[in-house]
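A.B. asks: Just need the structure, nothing else, for what follows:
(one chain, ligands or ions: 1)
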Amino acid sequence: APECLDLCVTTGDFEAAAKEKLSEKSWVYASSSAASGLSHQSNLDDWSRINFRPRIMRKVNTLDTSRNVLGKKSKLPFFITAMGTLGSAHPGAEPSLVQGATRKGINAVISTATSKSLETIMQAHIDEQQKVNNRSPTRLDFQLYVPPDRKKAKELIQRVKAAGYHSLWITVDSSTQGKRTADRYLQEREKLEQGGREMVREAAAENDFGPAFGGRPTAGYLHPGLTWEDLSWISEEWGGPVVLKGIQSVEDVKLAVQYGMQGVLLSNHGGRQIHSAPSALMTLLEIRTYYPEAFEKLEVFVDGGLRDGADVLKALCLGATAVGVGRPYFYALAAYGTEGVEKCTEILTEELEICMKMLGVSSLDQLHPDMINASPLLND
Ligand code: FNR
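C.D. replies: Predicted structure coming up:
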């Protein structure tokens with residue numbers, strides 16, 4: 001692992017640093033994935049199995065990395081995707097993450113399962129915005145685990161709205177929790193050591209809504225009864241842009257269009273939910289092949305396994321509006337707090353700019369599917 005922040009050069013360096021620093025439990029929570037880790041691994045691998053078709057001598061003296069995301073301009077085409085309980089990464093938790101994001105001009109999606117209240121996190125964002133003088137305005141979005149109790153759900157949505165979050169990202173891949181092997185080993189070992197008693201939930205998240213969220217960790221966030229019909233009362237209650245997080249097939253993208261969603265986040269939850277999920281890139285290619293109109297009908301986002309500015313550009317070439325980055329930010333926060341979050345953003349930005357220049361584009365709207373050769377991934 002790098003000895004200090006200055007020696008971090010790639011996003012992978014944060015992973016090594018965090019592994020040394022975190023407790024076993026927190027490390028396992030962040031790094032684990034479902035079953036054998038297959039889906040997480042294919043997220044990581046697939047981005048490196050497609051390559052660019054660069055164009056030369058196209059005048060790239062100045063670059064524009066900005067993007068319109070759900071009606072607002074963003075300085076950069078990547079954001080921090082939803083991750084729960086960041087208190088397990090760093091005592092500064094979500095507010096520290098948000099400070100780093102705001103300083104460097106990127107947006108973050110805040111999880112329902114946070115360590116601090118959604119209002120405290122928004123306040124950290126507002127305070128930091130004032131400090132950085134709004135040069136590149138950022139915003140926070142909210143990831144919603146729909147509480148099974150509709151009254152509680154509506155209360156939560158109203159709280160999110162009142163706090164000033166920009167858009168709602170409904171997680172739709174969590175009818176139950178994936179079987180996370182590494183967490184299970186740890187839990188079973190703890191149970192044995194405690195003479196068979198069930199583990200008590202560590203720290204209740206501050207956004208919790210009483211008994212609806214009680215019981216096993218995260219169990220209260222799961223909603224096996226959720227259907228497409230629920231989107232109408234949720235959208236009505238919310239009144240702003242809605243994105244479905246965790247879409248994994250072209251059929252469901254078509255339904256999302258039919259149900260009037262503003263966006264879909266193609267994601268397998270970082271390989272943490274269904275065993276043998278398609279990688280985020282595979283789903284993106286499926287949409288590009290069988291329903292290319294989707295990119296005109298709603299905004300398509302992607303997360304899972306993006307670790308380099310080049311990965312971000314690959315997703316954008318194939319039609320993504322913007323992409324989410326998860327674990328690298330968890331690790332950066334864990335190892336170096338707010339400064340780590342800033343540095344992680346700097347690294348991705350630098351890589352993005354280097355890659356744009358050599359790809360021959362001076363702004364992101366020049367990116368095109370022809371700049372990608374995906375046959376190495378599709379033909380074997
Ligand atoms: C997650 N993810 C997640 N998703 C969600 O909708 N709500 C949540 O609370 C969380 N919590 C969470 C915690 C941690 C520690 C991780 C690693 C992931 C999934 C997350 O939003 C995203 O889909 C993946 O993390 C993206 O993959 P990478 O970038 O981590 O490979």
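A.B. asks: all contacts plus neighbour counts: C-alpha atoms, from now on.
C.D. replies: Will do.
A.B. asks: What is the burial count for His275?
C.D. replies: 19 (other CA atoms under 10 Å).
A.B. asks: That one contacts Ala34, doesn't it?
C.D. replies: Yes - the criterion here is CA atoms under 8 Å, and His275 meets it with Ala34 at 6.1 Å.
A.B. asks: intersection of neighbour lists for the two?
C.D. replies: Among the neighbours of His275, those also in contact with Ala34 (CA atoms under 8 Å, 6 or more residues apart in numbering) are Gly178.
A.B. asks: okay, now Asp64: neighbour count?
C.D. replies: Using other CA under 10 Å, Asp64 has 15 neighbouring residues.
A.B. asks: Surely it touches Ser362?
C.D. replies: Yes - between Asp64 and Ser362 there is a contact under CA under 8 Å: 6.1 Å.
A.B. asks: show me where the stretch 201-350 of the chain has helices.
C.D. replies: Assigned by DSSP state H, counting those that start in this stretch, the helices in the stretch 201-350 of the chain fall at 230-238, 250-258, 280-290, 294-297, 309-317, 327-359.
A.B. asks: Adding distance to Lys19, mean neighbour count and mean pLDDT, write these out as CSV.
C.D. replies: Below are these laid out as CSV (distance: least, CA to CA, whole Å; neighbours: other CA atoms under 10 Å; pLDDT from 0 to 100):
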stretch, distance to Lys19, mean neighbour count, mean pLDDT
helix 230-238, 39, 14, 98
helix 250-258, 37, 16, 98
helix 280-290, 25, 20, 97
helix 294-297, 38, 16, 98
helix 309-317, 23, 24, 98
helix 327-359, 8, 23, 98
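A.B. asks: Asn107 is nearest to which of those?
C.D. replies: Within the helices of the stretch 201-350 of the chain, the stretch nearest Asn107 is helix 327-359; the backing value is 10.9 Å (CA to CA).
A.B. asks: what does the next helix or strand after that closest one rub up against?
C.D. replies: Heading C-terminal from helix 327-359, the first helix or strand you meet, by DSSP states H and E, is strand 372-373. Contact partners of strand 372-373, identified using CA under 8 Å, 6+ apart, comprise Ile50, Asn51, Phe52, Arg53, Lys314, Cys317, Leu318.
A.B. asks: Give me the sheet partners of strand 372-373 and which way each runs.
C.D. replies: strand 51-52 (antiparallel) (DSSP bridges).
A.B. asks: Mind listing what's buried along the host helix or strand of Lys19?
C.D. replies: Under the criterion DSSP H and E, the helix or strand holding Lys19 is helix 12-21. Buried residues in helix 12-21, defined by neighbour count with 16 or more other CA atoms under 10 Å: Gly12, Asp13, Phe14, Glu15, Ala16, Ala17, Ala18, Lys19, Lys21.
A.B. asks: Which residues are in contact with Ser26?
C.D. replies: Contacts of Ser26 (CA under 8 Å, 6+ apart): Ser88, Ala89.
A.B. asks: Fine, thanks again, bye for now.
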